[in-house]
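Student: Kindly return the folded structure for what I paste below:
(chains A and B)
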Amino acid sequence: MRHPIFVIGTSFAALLASTPAWPAPAITSTTVELPAGDALFPGGPEADAINNNCLVCHSADMVLNQPALTRSTWESEVHKMIKVYGAPVEDSDVPAIVDYLAKVKGSGQ
Amino acid sequence: MRGHVNQTLSLSIGELLKLPRVELAAVNQCSGNSRGFFLPRVPGAQWAHGAMGNARWTGVLLKDVLDRAGVKPGAVQVRFNGLDEPVVPDAPDFRKSLDIDHARDGEVMIVFAMNGEQLPLLNGFPLRLIVPGWYSTYWVKMLSDIEVLDRQDDNYWMATAYTVPDTPHANIKPGQTGVKMVPISRMVPRSFFTNISDGASLPVGAVATIRGIAFGGDAGVAKVELSMDDGRTWQPATLGEDHGKYSFRRWQLDIPQLTKGGHSLMVRCTNAAGDIQPGASNWNTSGFMRNVVETVQLTAI
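Tutor: Have a look, this model is predicted:
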């Protein structure tokens, strides 16, 4: 995910002679360097489980910008990631992830 | 293009560029735009009002492309897929579907240009579906595959994700269960202040021109009105240039001289179908379809 994405396009300007009323769209190859987004969840060892399991698909920021949620909402979020989006998370890591989220982004309920 | 069609068809970008061109200004808005204002708060990207944009889209009609493959009688929906793939193999690939009549309505487009230039990568280069008046979850990026179905699409991104309560304004009470859910669809009217923000101060006695933008959702902007008495009476704003029924439309209004103290200012849009922004916020678990009347508090000093 850290490498640039290459997108292949071609220039079709020549094909547009039949529709002179329209300017030729220049559809050309493009290279995009996406920002790395390699920030970790803060908290040292307490954050190990979440750092090992929750950074493959989206940034730590996306999770840390969530509102304060109840422990049971965090629990179902973690299970949703595993069941629905196929997050490869060891069962034994789940409690530590939920504990971290309930502590850092918990509503105290 | 494949599925319930007379002939499976593969079109190059070059061939697509030779089809009759269409151009349309249209608002692209996330289903969860303004989710961060939901109370109680809900998980998901915590957007303020910024998950929307308005652009001039150039491309071809989906209808023309479907006609090339020839839709067979009995077609029910058309499903769209893009070049993006899930990070892990078992995860549901992002695909969206439209009813066949909608797909052939002569408005849904496959576009290759945004504001006169090729689509930037993050906007869906090289081709993107445009579904005017509908939330951007349907505006599939990097479009590569069109599949005509002879049944209702039951894939995760249609049947489970991006669904809303089948109630007025997709509104339920927090904690309410047993609600019928349906795929999100048309956008609803919205209006915003652009030259004044909540908590602003103005000099007493000043004459102020208040400005903003509005859009009607799936119908044009019929009117934009402001209220300075908590919604008891409304004054029509002057509408700016009309770029078509799916576009943002600017508005402005000179408000009377303000007396010292606090004032509230509300704005609401009514669309051409008669839909009007509600005075109370809606709520649902996904934070979708917010379109409550916007209010700013001003202080004259």
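
Student: State the phi and psi torsions of B:A214.
Tutor: phi -150, psi 160 (degrees, to the nearest 10).

Student: quick one, what contacts it?
Tutor: Going by Cβ atoms under 8 Å, 6 or more residues apart in numbering or on different chains, B:A214 touches B:189-192, B:221, B:224, B:248-249, B:251, B:267, B:269. C-betas here are computed from N, CA, C, even on glycine.

Student: Let's see that with 7 Å instead.
Tutor: B:190-191, B:221, B:224, B:249, B:251, B:269 (Cβ atoms under 7 Å, 6 or more residues apart in numbering or on different chains).

Student: what's across from B:L239 in the sheet?
Tutor: B:W251 (DSSP bridges).

Student: residues near it, how many?
Tutor: 15 (other Cβ atoms under 10 Å in any protein chain shown).

Student: Was I right to think it contacts B:R249?
Tutor: Yes. Using Cβ atoms under 7 Å, B:L239 is in contact with B:R249, at 5.7 Å.

Student: Need the residues touching each of these two.
Tutor: B:V221.

Student: before we move on, back to that, farthest-separated two in the contacts of B:A214?
Tutor: B:R190 and B:W251 (12.1 Å; Cβ to Cβ).

Student: from what I can see A:I97 touches A:I50, true?
Tutor: Yes. Assessed by Cβ under 7 Å, A:I97 is found in contact with A:I50 at 5.0 Å.

Student: What is the helix or strand hosting B:M158 packed up against?
Tutor: Element membership for B:M158 (DSSP states H and E) is helix B:156-159. Using 3 or more Cβ pairs under 7 Å, 6 or more residues apart in numbering or on different chains; DSSP states H and E as the contact test, the elements touching helix B:156-159 are strand B:95-99.

Student: ok, the strand it packs on near chain A or not?
Tutor: No. Using Cβ under 7 Å from any Cβ of the partner chain, strand B:95-99 never reaches chain A; the gap is at least 14.8 Å.

Student: Show me where chain A has its helices.
Tutor: Applying DSSP state H to chain A gives helices spanning A:48-53, A:60-64, A:71-83, A:94-104.

Student: Between the contacts of B:A214, which sits nearest chain A?
Tutor: Minimum distance to chain A across the contacts of B:A214 is 22.3 Å, recorded for B:R190 (Cβ to the nearest Cβ).

Student: how about the closest one, what does it touch?
Tutor: Each residue near B:R190 by Cβ under 7 Å, 6+ apart is listed here: B:214-215, B:269, B:277, B:291.

Student: Please repeat the previous calculation with a cut-off of 6 Å.
Tutor: B:R190 sits next to B:N291 when contact means Cβ atoms under 6 Å, 6 or more residues apart in numbering or on different chains.

Student: hey, what's it bridged with?
Tutor: Applying DSSP bridges to B:R190 gives these bridge partners: B:F215.

Student: My guess is B:N33 contacts B:G50. True?
Tutor: No. With contacts defined as Cβ atoms under 6 Å, B:N33 does not count as touching B:G50, sitting 7.7 Å away.

Student: what about the two, which has more around it?
Tutor: B:N33 (24 against 10).

Student: gap between that one and chain A?
Tutor: Distance of B:N33 to chain A, given as Cβ to the nearest Cβ, to the nearest Å: 16 Å.

Student: pLDDT value on the spatially most central residue of chain A, please?
Tutor: Compute the mean C-alpha point of chain A, and by Cα atoms, centre = their mean the closest residue is A:H58, 1.7 Å away. A:H58 is assigned 92 on the pLDDT scale.

Student: and what of A:L16?
Tutor: 32.
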